[in-house]
Each structure stands twice: as structure tokens, then as C-alpha cells.
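S.K.: How does the following fold in three dimensions:
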Amino acid sequence: MQLKILVDEGVDFKIVRELRKKGFEVISVVEDFKGASDRKVLDIAMGKRALLLTEDKDFGEWVFAHKAETIGVIFLRYKSSEIAEISDALQNLLLKYKDSLYKKFAVIKANKVRIRDLP
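M.R.: Residues are numbered from 1 along each chain as shown. This next block holds a predicted model:
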């Protein structure tokens, strides 16, 4: 199965371009679903069977506190000066773990990656 990634509105578009350049199937909320609510973004990710890539902490609350169903979430935490490091860390994560990221919540920082199971 081709790994699909739904990129939330807050994610720097440089990351979208880099992922596409590397051959990942990327769906951009900014391009296709601008202004969609968090709930709608989760529904879109489910419908497209895509991992959600976001910088929005609210998605952690949606999946852990509210038990919202999702394929998987990758949460980026970085300073704007760390964009290159985050982009590299994200690409490495996607290449290393691929389909095993489904049903996981991954947090990527410039120098650290944590992956945990979703409820």
C-alpha cells in the first residue's frame, strides 16, 4: 500500500514540497480543504486512509482524550530555524517505519522522535 500523508494547514509548505519531491503521496489541506475544522481534517484523513501530519497539539487531544478514530498522526514540534532538520527527520521516519506508522502517534523534534500506539 502506498503511504499517504494528509498535511494539515499549519505545516510549513516547504515540508509539503520536500515530501512530494521525494515521491511521497501528499494531500494538502491548504490546497484541497482550506479552512476545514480539526474534526473534518480527521474525517478526511480516515476517508483517504492517510497519516495526518500536523503541528497542532489539538489533534493529540482529539485522539487520546476524545478517542477520535484516525489512521495515524505525526506531530511536528520545532522552531522555525529547525525546518531543515525537521524535514530530514520526518523523511527518515517515513522511510524507516512506512506502514508501521499506522495506528501510531509520532512526535518529531529536531533531535528526538517518539512513537506510541494510539488507543
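
S.K.: top helix in the chain by residue count?
M.R.: In the chain, with assignment by DSSP state H, the single longest helix is helix 83-97.

S.K.: in the protein, which spans are helices?
M.R.: Going by DSSP H, the chain shows helices at 13-21, 29-32, 38-48, 58-64, 83-97.

S.K.: what's the closest of those to Leu76?
M.R.: helix 83-97 (5.8 Å; C-beta to C-beta). To be clear about C-beta, it is placed using only N, CA and C from the backbone, and glycine gets the same treatment.

S.K.: Arg114 - nearest residue in space that isn't next to it in sequence?
M.R.: Distances taken as C-beta to C-beta, 6 or more residues apart in numbering place Val107 nearest to Arg114, at 4.6 Å, with adjacent residues excluded.

S.K.: How about Asp38?
M.R.: In space, Asp38 is closest to Asp58, 5.5 Å off (C-beta to C-beta, 6+ apart).

S.K.: residues near that neighbour, how many?
M.R.: Burial of Asp58 is recorded as 10 neighbouring residues (other C-beta atoms under 10 Å).

S.K.: Contact partners for Leu76?
M.R.: Contact analysis of Leu76 by C-beta atoms under 8 Å, 6 or more residues apart in numbering lists 11, 15, 53-55, 86, 90, 108.

S.K.: beta partners of the residue nearest the centre of the chain?
M.R.: Centroid-nearest residue in the chain, with C-alpha atoms, centre = their mean: Leu53, separated by 1.3 Å. Beta-bridge partners for Leu53, by DSSP bridges, are Val7, Ile74.
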